[in-house]
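Asks: Quick check, what structure comes out for this input:
(one chain, ligands or ions: 1)
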Amino acid sequence: MDYISTRGSAAPLDFRSVTLAGLASDGGLYVPREWPRFSGDDIAAMAGLPYAELAAKVMQPFVGDCIAPERLLELTRQAYGRFAHKAVTPLVQFDERNWLLELFHGPTLAFKDVALQLLGLLFEEFLKGSDQHLTIVGATSGDTGSAAIDAVAGREKIDIFMLHPKGRVSEVQRRQMTSVIAPNVHNIALEDASFDDAQAMVKRMFADTDMTGRFRITAVNSINWARLMAQVVYYFAAAIQLGAPHRKTAFSVPTGNFGDVFAGHVAARMGLPIEKLIVATNVNDILHRALSSGDYSAHGVTPTDAPSMDIQVSSNFERLLFDAGGRDGAALAQQMRGFEGAKAMQLTNAQREGSASLFASARVDARQMSAAMRWAHDNCGAVIDPHTAIGLSAALEADLPRGVPVVTLATAAAAKFGPAVEAAIGVSPRLPPRLADLMDREEACTDLPGTYDAVAAFVAQHATPSPALAD
Ligand SMILES: *Cc1c(COP(=O)(O)O)cnc(C)c1O
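Replies: Predicted coordinates for the structure are as follows:
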């Protein structure tokens, strides 16, 4: 399997190179050249497999001959062995139609663990026996940072530098990052900076040839294809439990960067019978406007109680525009350049028609979010987090054919967002026992002025130089 850029001009890469790369050199994102397909019989044969075995089966066509099937299974067993629930992503029934897919049983309590636990192992696998060293640089508004740090802490040949805007992540989120004390983990709190400022610094570093000439700088956000690939698996796991390949399932997905829901699109392309993918946004609703009316224009970001969805420009949406709109890289490159200048564009007819049959969307405000948290608590005895509540609210309102089950993806554990949950339902969710002492743990973090030069100097001082990758 090789991977091509959504903007058409970067050289195709194999799975190993695409995992170690960030953005394509033409500014696009990598997607598989074609979608592997499973038949109904193939899907039926997956019923009842343990999660790690299902994961290896679903991912093998994307990995190709970069990793042997037996070795891939060892890696998935190792990655998912660290989850606190034996089913890894258990499915819970709410009522006749509604189900919850719990994706938060990993080490840092958000769905980001499902992909990042595997990605950490893939990095190590691909560096084995080489003299290369990876420098991961990322910006986080909370959940990606802790999941990425947990996944690579203590690994040889990898350093991680994680930037967060000082004072603007929750205390639980900060402590989940800063209490990981390891020589290869560097937490940076940026003074007088927003998440967008931090993100802009990371992008600048990827384009800074002075840095990229000395260090092998890698991305761990969802522009990394391997992350999306790992997320395809739980769509299969849930739909098969609900009757695939013989019955269709709908999914409601709390969406920010469009990574999680794009993985659902991939599952559908691979032959999984999906009735609808409901893109649930908070009041930062650019994706809802784009999918319902074709208007893709960025407004300012409004902070909400679901901060991981407070996003203006969703990087992975470009992957859908490419795939649904006819896979014309040159045309998309031009369209995206226009968007980068004007911060606004119209979807083409091909892009709208290509996404209309599978995608629906909904915008959920703060009142509807609280109502969904109360509904889950009063009717089902479940305490759900604000992001999950946005998905559930959209699921409860969705117009679907009779008999189609709808699965809401539960993207974080409620305890990660305790104060917002308590404000909505009057119940304060508790951290699981393995994190019970989080508030007493030692922290390690460097405060830096919110300037690019300060960050680049710090990374250059602490990172390990690496020869270029042989592709
Ligand atoms: C990252 C995140 C999201 C958004 O997921 P995308 O893949 O960026 O769309 C939703 N909920 C939680 C809790 C998250 O951490």
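
Asks: didn't Pro303 look like it was pressed against Asp310?
Replies: Yes - the pair Pro303 / Asp310 is scored as a contact, 5.8 Å apart, by Cβ atoms under 8 Å. C-beta coordinates here come from the backbone N, C-alpha and C atoms, glycine included.

Asks: So between the two, which is more surrounded?
Replies: More crowded of Pro303 and Asp310, by other Cβ atoms under 10 Å: Asp310, with 17 against 13.

Asks: distance of that one from Ser370?
Replies: 17 Å (Cβ to Cβ, to the nearest Å).

Asks: Can you name the residue of the stretch 1-150 of the chain nearest the ligand?
Replies: Proximity of the stretch 1-150 of the chain to the ligand (Cβ to the nearest ligand atom) peaks at Asp143, 3.4 Å away.

Asks: Neighbours of Arg402, how many?
Replies: Other residues near Arg402 number 5, with proximity taken as other Cβ under 10 Å.

Asks: do Thr178 as well
Replies: Thr178 has 22 neighbours, counted by other Cβ under 10 Å.

Asks: Ser315 now?
Replies: For Ser315, the number of neighbouring residues by other Cβ under 10 Å comes to 16.

Asks: and it, helix, strand or coil?
Replies: coil (DSSP: H, G, I helix; E, B strand; the rest coil).

Asks: Would you indicate which residues of whichever strand or helix holds Ala456 are buried?
Replies: Per DSSP states H and E, Ala456 falls inside helix 452-462. Residues 455-456, 458-459 are the ones in helix 452-462 that count as buried (16 or more other Cβ atoms under 10 Å).

Asks: which residues make contact with that helix from outside it?
Replies: Counting contacts by Cβ atoms under 8 Å, 6 or more residues apart in numbering, the residues outside helix 452-462 that touch it are 135, 137, 159, 161, 163, 186, 188, 190, 201, 204-205, 208, 210-211, 214-215, 446, 448.

Asks: With stretch 430-437 instead?
Replies: 84, 109, 172, 176, 413, 415, 438.

Asks: ok, those vs Pro245, which is closest?
Replies: Compare each of these with Pro245 using Cβ to Cβ and the shortest gap goes to Ala84, at 30.2 Å.

Asks: Isn't that closest one up against His105?
Replies: Yes - between Ala84 and His105 there is a contact under Cβ under 8 Å: 4.7 Å.

Asks: Which pLDDT value does the model give Phe206?
Replies: For Phe206, the pLDDT comes out at 83.

Asks: One more: Asp26?
Replies: In this model, Asp26 carries a pLDDT of 89.

Asks: and what of Ala415?
Replies: 93.

Asks: what does Asp471 give?
Replies: pLDDT at Asp471 comes out at 44.

Asks: biggest separation within the buried residues of helix 452-462, which pair?
Replies: The widest separation within the buried residues of helix 452-462 (Cβ to Cβ) is 7.3 Å, between Ala456 and Phe458.

Asks: coming back round to it: for the residue of the stretch 1-150 of the chain closest to the ligand, list the residues it contacts.
Replies: 108, 110, 112, 173, 308, 412, 416.

Asks: Can you name the residues of the stretch 201-350 of the chain sitting close to the ligand?
Replies: Contact residues, the stretch 201-350 of the chain versus the ligand (Cβ under 6 Å from any ligand atom): 222, 254-260, 308-309.

Asks: Between which two of these is the distance greatest?
Replies: Ser222 and Pro254 (13.9 Å).

Asks: circling back: pick out the most distant pair among the contacts of Asp143.
Replies: Top of the distance list for those (Cβ to Cβ): Thr108 and Ser308, 12.3 Å.

Asks: how much space is there between Phe161 and Phe317?
Replies: Here Phe161 is placed at a distance of 27 Å from Phe317 (Cβ to Cβ).

Asks: What of Asp2?
Replies: According to Cβ to Cβ, Asp2 and Phe317 sit 23 Å apart.

Asks: Please apply the same query to Asn282.
Replies: Distance from Asn282 to Phe317, by Cβ to Cβ: 16 Å.

Asks: Ok, Ala356 next?
Replies: In terms of Cβ to Cβ, Ala356 sits 15 Å off from Phe317.
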